[in-house]
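>>> Based on what follows, work out the 3D shape:
(4 chains, ligands or ions: 4)
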Amino acid sequence: MSMPTDGGRLLRYVDALREGIAQEMERDPRVFLFGLDVDDHKGIQGSTLGLLDQFGPERVFGTPMSEDAMTGVAIGAAMAGLRPIHVHIRMDFLLLCMNQLINIAAKAHSMYGGAVRVPLVVRSMIGKSWGQGAQHSQALYSMFMHVPGLKVVAPSNANDAKGCMIAAIRDDNPVIFVEHRLLYPTQAVVPESSYTVEFGRARVCARGKDITLVGVSNMVVECLRARELLLDAGIEAEVIDPISLAPLDSTTVLESALRTRRLLVADNTWTNCGASAEILARVAESGGVEAGVRMARIGFAATTCPPSPPLENEFYPNPAKIASAAYALVRGNNDDWAPDPERAALSYQLQFRGPF
Amino acid sequence: MSMPTDGGRLLRYVDALREGIAQEMERDPRVFLFGLDVDDHKGIQGSTLGLLDQFGPERVFGTPMSEDAMTGVAIGAAMAGLRPIHVHIRMDFLLLCMNQLINIAAKAHSMYGGAVRVPLVVRSMIGKSWGQGAQHSQALYSMFMHVPGLKVVAPSNANDAKGCMIAAIRDDNPVIFVEHRLLYPTQAVVPESSYTVEFGRARVCARGKDITLVGVSNMVVECLRARELLLDAGIEAEVIDPISLAPLDSTTVLESALRTRRLLVADNTWTNCGASAEILARVAESGGVEAGVRMARIGFAATTCPPSPPLENEFYPNPAKIASAAYALVRGNNDDWAPDPERAALSYQLQFRGPF
Amino acid sequence: MPAYPAPDLVRLYRALRLIRRSEEEIARIYPTDKIKSPVHLSIGQEAVSVGVCDALRADDFVSPTYRCHAAYLAKGGDLKAMFAELYGKASGCARGRGGSMHMIGLDHNIIGASAVVGTTVPVALGYALALKREGKGRVVALFLGDGATEEGVFYESLNFASLHRLPALFVCENNFYAIHAPLAKRWATARLCERVATFGIPAHMIPQSDVLEIRSKAAECLEAIRAGAGPAFLECHTYRWREHVGPGEDYDFGYRNRDELRPWQDKDAVSTLGASLDPGERARVDAAVEAEIAAAIEAAEQAEWPDTRELHNYVYAD
Amino acid sequence: MPAYPAPDLVRLYRALRLIRRSEEEIARIYPTDKIKSPVHLSIGQEAVSVGVCDALRADDFVSPTYRCHAAYLAKGGDLKAMFAELYGKASGCARGRGGSMHMIGLDHNIIGASAVVGTTVPVALGYALALKREGKGRVVALFLGDGATEEGVFYESLNFASLHRLPALFVCENNFYAIHAPLAKRWATARLCERVATFGIPAHMIPQSDVLEIRSKAAECLEAIRAGAGPAFLECHTYRWREHVGPGEDYDFGYRNRDELRPWQDKDAVSTLGASLDPGERARVDAAVEAEIAAAIEAAEQAEWPDTRELHNYVYAD
Ligand SMILES: Cc1ncc(C[n+]2csc(CCOP(=O)(O)OP(=O)(O)O)c2C)c(N)n1
Ligand SMILES: Cc1ncc(C[n+]2csc(CCOP(=O)(O)OP(=O)(O)O)c2C)c(N)n1
Ligand SMILES: [Mg+2]
Ligand SMILES: [Mg+2]
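Ligands and ions are numbered 1, 2, ... in the order given. This is a model prediction of the structure:
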């Protein structure tokens, strides 16, 4: 992890992303940015705004709607020595380029015996639906975590967003970069100078002795809010942000869980074969059982995301649900405490409002 | 589960698949079978041979090499009331049609409020490489297990193969049907009449009191062989075949693990976010920890499948490795017992020999 | 161009007007946040859906894109069910599980729309395959945008449709933009029809968005398709008046301007066809349309939310 | 057709002969099970790789399909490294991590091949994009089969290549089959070149697999590409003499027969070009080729296996 040399200032996540990209493009002429809509006046919710003016159309360009071929082009360009950043406004669209990402990008370094490298960053947004429904609401990172050769990161704050972006661009491997739209307006202190956040190191965001909460991406924020609610019930939760999902620092989670003896993983996706399954499995197989660590997961309801508001509310985890699940783990299942509804309501993250 | 009315006879897995398909095509004129090479003289390793003659080119036909569109066509035909079976000679190629399978097939029933059904069977083969390397060796079922709306089955013997095939064809949902090539020549007693094997019910293949081994697809066979090796060391393993992965009957696994207090899951794929992760997570969160069930997973090495024979050997799990891992769970990690090499060698499954 | 008898013109006008006014109402309601779903309006593009769907038989199918309100209504889709779906209510055509981009109406043979561009093209061909086997001369009219032609699945679909002589009418609504990206940034050439023809598919370009021309060309194609000639292709030039998604206009952000819009407004099907009708007749149609829309909105406002206990319904069919 | 001076003809013959004989040796060794990797032989198709690659500069790139031995050798790939790779040895061009379908030779600008049909087409264009930015007039020649043209990614790639005027020469080896499926079962029409041309890409069909015609047409295209004209496309008809995968022949299974083969054997580039050479010259070339192959096989036999402790190498580059 390279250390920032200045104190920094408050910056939004979206601006931190853009700043990280701009600094790398400045530093390294091999870096280029492309994808549907990166060069329009909305600039991927602002995260690419201004880059076309700064770096010109050879290094910042939109594409035809051809996700599969564009991914192949990115991979080939990366093999040839360039460093592409390929942007998708929704992670759902990565389903159109799984073949290139998994059959080529993930495997090329290995399957050609080290002869090539694929320094590729694939940015994609995930979100909380706002009526977007079934096909515009998925967070598919566990599919990429499954496959050796890919790295997967999901920073939860502006500081990590910039540092991970710079690290991803400098990485000689394909990195799936996951950005939650609700995080875009959130601010953090971000150094002006360039720095990297190392992959494979989880961060303990809040200390606590009673339970370990692991949140992925935006769920870190919701876990921190759940932590507040839990304090009302006298429960001190430790909150961990894995930051990168592949490599995954399960050691930090394990150490915490061995101390708190309870582990709850909150994820932005379905639990089956998800990141939450992987974290539980690792803790279970490396000492968690012997230490009697009680474990649970919370994620999307095991159904397709419904756009109707009341159903949508039920579909997503939120701080109150996380707090309740945590309470049950700590105090036992019989006691069904729920956080004070008014405080819980306050703790909801303001939802993105369409149209997008 | 509909019960077979006759005693049956020994039948190979490949023939059981074909028989199941033929019986359903006979019974239900809406069923049709298509995909690359289903109608050639090799007939998908024999599993579709003769069907063209029996049912004609309107119901059995090859396709252009257009996996994405062909999957869409299958989905639309299913919605329109037909019952397609779409065949892929390798599971790796499903990466070309993830968008259709996940964004449409999995979601259509839900996202149109129940207005349509997608009675689609997607057959694909997995295998043990024999020099086929990186892109012809993947078993990607955990990606499908992740997504609500899909069913996933991976029968490990001829009897289940036929019963699952008939059940899959009759199911009103998209079913990802996973067939391990090494199982094709294996025989079992298979009734001549039609029957179904219900999804979501694991089978205990062998009883034992010391450890629970769960094998997926061909790994059931390897677990049964590992069981033999373990008997030499005085360890009695219980072997469980989940048969279907979604829905996944983790209850049967849990009950067994609560009894044996050790659980080892052997999978045909990488462990990260795999079926093995899901099984461990479920046991951990539903009583396994309280009961002190020690757990581990074994699967592909966390790298890209190398075709060079010595590397390939290292890459795959096998009965000896499963037995060693089981031994370590039962007796503790310090003791590194290994099965008698000669017996272990005998227990290797005869590999498929190319060209394929 | 065949001459159209008056009743036909009234019917066409009614459909155009219903779509235009429904979407204007959606745009009006949108800022109240009662429609919590991203809306892609067809205002300005109605002639394509109406011209094509008017030429279809009731038992033919239509496959709309996510910009689906126009084709849904043109094919006779239930207006109440559409508004209820926009509102996320249980009486919605997809019971609140779809939203604006996933209208469906199987009682009028309207295939469900999808939010992922291009994905419904092969799905619609699956319906066409079933119709071919059925042998009753039924056809699927499938819509796609100019952007969708850049997806590989479009070409795979053309090849398959032609190879199997499927009863499918491809209707490309070329509005010159994919979100904010103009054709010149996405298409190597504009020779789309010529390209489609190399698949053995008759392809016709209709440049002026004239609803009668669209209707008659579609009818001509449909006749051949029903006779077993295999698929046909229409490229209909048209223009989206509003922003890509959402209720507003967007002529002030640099990617396009009102000069481009004006000629399209001048030949707007709703006004020109309306002006050609008997004023009394027109007024009657307009009033009926307003009443129908008002009733649909009122019904949507009053309708029940889906029961949250039913969250897990429809994951699997049984 | 330009006249070729004798040295050129000898060079072409040498390349053809090397490929033919190497693959015949692979077929001979195969039953011993020393090559544990599925092999797709180009026997009969050598003229395409040789004609195209002979027209390339050493600093140009080639992107082969999984049927890659011919293009690999034609572009100057190391024969020893190829045989070692087939044997799964550490000295293989991909260190035993690739196998027959994944030859790579970056010292001769041979891009790695892929076993998933069509996937290398856009990857090769990524190289072309880098070459365009470099501005030195270098080109990528990318190979694909007739089957690969059915994959959507092929069309997406044509559009992008033309839109960005990428320095890419598409070479479609049309051998009329994808595994056992003939064109008639897969292609709605055979108008491939006409279709490609609608993307603004000059497209030429070469029906007779004449190595000199292929060479001169490729050279002509390459000149234009280097001058900035953007991509070009060649459809080269050819014929696979052996089975799709594996060492044998397969004329007795009903999907094709020897009558179809015969005209291709009659115009076989290896024999016809060989016959046109001075016999002494030809004998010298033949002997040198045999020696080279024998040495490569011997080296592969003797080479070390990869160390199993290195199983986890190359998962990630660092
Ligand atoms: C596969 C895919 N890629 C990207 C998007 C984002 N997107 C939504 S609409 C759209 C433009 C579609 O353009 P076109 O097909 O011309 O239809 P129009 O919106 O003009 O009606 C894009 C790129 C998407 N929904 N699906
Ligand atoms: C995407 C994909 N689908 C299917 C296959 C199986 N397969 C291997 S080779 C082949 C035929 C390819 O035909 P063509 O492109 O004409 O090349 P040829 O073998 O004739 O050289 C097929 C279908 C594959 N490897 N990749
Ligand atoms: Mg458009
Ligand atoms: Mg071919």
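>>> hey, where'd the helices end up in the stretch 51-200 of chain C?
With DSSP state H, counting those that start in this stretch as the criterion, the stretch 51-200 of chain C has helices at C:69-74, C:79-87, C:120-134, C:152-163, C:192-197.
>>> For those, please prepare TSV with the additional fields distance to chain D and mean neighbour count.
Every residue, glycine included, has its C-beta placed from N, CA and C. As requested, these are exported to TSV (distance: least, C-beta to the nearest C-beta, whole Å; neighbours: other C-beta atoms under 10 Å in any protein chain shown):
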stretch	distance to chain D	mean neighbour count
helix C:69-74	24	29
helix C:79-87	31	26
helix C:120-134	10	27
helix C:152-163	2	27
helix C:192-197	4	21
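>>> thought C:P247 was touching C:H40?
No. Using C-beta atoms under 8 Å, C:P247 is not in contact with C:H40; the gap is 10.6 Å.
>>> Compare these two and say which is more crowded by neighbours.
C:H40 (22 against 19; other C-beta atoms under 10 Å in any protein chain shown).
>>> Which pLDDT value does the model give the more buried one?
For C:H40, the pLDDT comes out at 98.
>>> And the residue most central in space within chain C, how far from A:I85?
When C-alpha atoms, centre = their mean is applied to chain C, the residue found nearest the centroid is C:A71 (2.9 Å). In this view, C:A71 and A:I85 are 37 Å apart by C-beta to C-beta, to the nearest Å.
>>> Report the contact partners of the closest residue to A:C97 other than its chain neighbours.
Nearest residue to A:C97, sequence neighbours excluded (C-beta to C-beta, 6 or more residues apart in numbering or on different chains): A:T71, at 3.8 Å. The contact partners of A:T71, taken as C-beta atoms under 8 Å, 6 or more residues apart in numbering or on different chains, are A:86, A:97, A:100-101, A:105, A:122, D:122.
>>> With A:S324 instead?
Neighbours of A:S324 in contact, by C-beta under 8 Å, 6+ apart: A:336-339.
>>> That one and C:L311, how far apart?
Counting by C-beta to C-beta - A:S324 and C:L311 are separated by 17 Å.
>>> neighbours around C:D259, how many?
Residues near C:D259, counting by other C-beta under 10 Å, number 8.
>>> Ok, the one 3 residues further on next?
Look at C:R262: counted by other C-beta under 10 Å, it has 10 neighbours.
>>> Next: C:L212.
Per other C-beta under 10 Å, the neighbour tally for C:L212 reads 19.
>>> in chain C, what residue is nearest ligand 1?
In chain C, no residue comes nearer to ligand 1 than C:G145, which is 2.2 Å away by C-beta to the nearest ligand atom.
>>> Do you know the pLDDT at the closest residue to C:S63 other than its chain neighbours?
Take C:S63 and drop its neighbours on the chain: the residue closest to it by C-beta to C-beta, 6+ apart is C:A124, 3.6 Å away. The model reports C:A124 with a pLDDT of 99.
>>> Next, the contact list for residue 41, please.
In the absence of a named chain, chain A is used. C:180, C:253-255.
>>> That was the other one, I meant chain C.
Residues in contact with C:L41 (C-beta under 8 Å, 6+ apart) are C:23, C:26-27, C:67, C:69, C:240, C:242, C:247.
>>> Take these and keep only those in helices.
Residues of the contacts of C:L41 located in helices (DSSP state H): C:23, C:26-27, C:69.
>>> out of those residues, which is most surrounded?
C:H69 (26 neighbours).
>>> Check what pLDDT it gets.
pLDDT for C:H69: 98.
>>> State the distance from it to C:I104.
Applying C-beta to C-beta, the value for C:H69 to C:I104 is 12 Å.
>>> With A:L230 instead?
According to C-beta to C-beta, A:L230 and C:I104 sit 43 Å apart.
>>> One more: C:P5?
When C:P5 is compared with C:I104 (using C-beta to C-beta), they lie 33 Å apart.
>>> Most proximal residue of the stretch 151-300 of chain A with respect to ligand 4?
Nearest residue of the stretch 151-300 of chain A to ligand 4: A:P174, at 30.3 Å (C-beta to the ion).
>>> shaky segments in chain C?
Scanning chain C for pLDDT under 70 picks out C:1-2.
>>> no, scratch that, I was asking about chain A
Along chain A, the model assigns pLDDT under 70 to residues A:1-5, A:333-334, A:347-356.
>>> Which residues are in contact with the residue in the stretch 1-150 of chain C positioned nearest to ligand 2?
The stretch 1-150 of chain C approaches ligand 2 most closely through C:P122 (15.8 Å), counting by C-beta to the nearest ligand atom. Counting by C-beta under 8 Å, 6+ apart, C:P122 touches B:68-73, B:75-76, B:100, C:153, C:156-157, C:160.
>>> re the thing from before, thinking the residue of the stretch 151-300 of chain A closest to ligand 4 is in contact with A:Q100, fair?
No. Contact criterion C-beta under 8 Å: A:P174 and A:Q100 do not qualify, at 9.9 Å.
>>> next one: phi and psi at residue 48?
In the absence of a named chain, this looks at chain A. Here the main-chain torsion angles of A:T48 (degrees, to the nearest 10) amount to phi -120, psi 10.
>>> beta partners for C:P182?
C:Y177 (DSSP bridges).
>>> what separates C:R165 from C:A128, distance-wise?
10 Å.
>>> Which parts of chain C are strands?
All strands of chain C, identified by DSSP state E, fall at C:61-63, C:140-145, C:168-174, C:177-178, C:181-182, C:203-206, C:232-237.
>>> out of the ones you listed, nearest to D:V211?
Ranking the strands of chain C by proximity to D:V211 (C-beta to C-beta) places strand C:203-206 first, at 37.7 Å.
>>> Skip the chain neighbours and tell me the closest residue to C:G152.
Leaving aside its sequence neighbours, C:G152 sits nearest to D:G152 (C-beta to C-beta, 6+ apart; 1.9 Å).
>>> Likewise for C:L158?
Closest residue in space to C:L158, ignoring its immediate chain neighbours: C:F199 at 4.6 Å, by C-beta to C-beta, 6+ apart.
>>> wait, doesn't that neighbour sit right on D:A190?
No. Applying C-beta under 8 Å as the test, C:F199 and D:A190 come out as separate, 10.9 Å apart.
>>> Of these two, which one has the most company?
Neighbours were counted for C:F199 and for D:A190 using other C-beta under 10 Å; C:F199 has more, 23 against 17.
>>> show me what contacts the more buried one?
C:F199 makes contact with C:158-159, C:161-162, D:188-189, D:191, D:195 under the criterion C-beta under 8 Å, 6+ apart.
>>> could you redo these as CSV and give each row distance to B:R225?
Listed next are the contacts of C:F199 as CSV, based on distance: C-beta to C-beta, whole Å:
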residue, distance to B:R225
C:L158, 51
C:N159, 47
C:A161, 50
C:S162, 51
D:A188, 50
D:T189, 54
D:R191, 56
D:R195, 54
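>>> between those residues, which is nearest ligand 4?
C:N159 (15.3 Å).
>>> Please determine how far the nearest residue in space to that closest one that is not next to it in sequence is located from C:A161.
If the residues on either side of it in the chain are set aside, C:N159 comes closest to D:A188, at 5.1 Å by C-beta to C-beta, 6+ apart. For D:A188, the distance to C:A161 equals 8 Å [C-beta to C-beta].
>>> shared neighbours, those two?
C:199, C:201.
>>> Skipping adjacent residues, who's closest to A:I104 in space?
Closest residue in space to A:I104, ignoring its immediate chain neighbours: A:I75 at 5.4 Å, by C-beta to C-beta, 6+ apart.
>>> In contact with the one you found, which residues?
Contacts of A:I75 by C-beta under 8 Å, 6+ apart are A:100, A:104-105, A:108, A:118, A:120, A:174, D:122-123, D:126.
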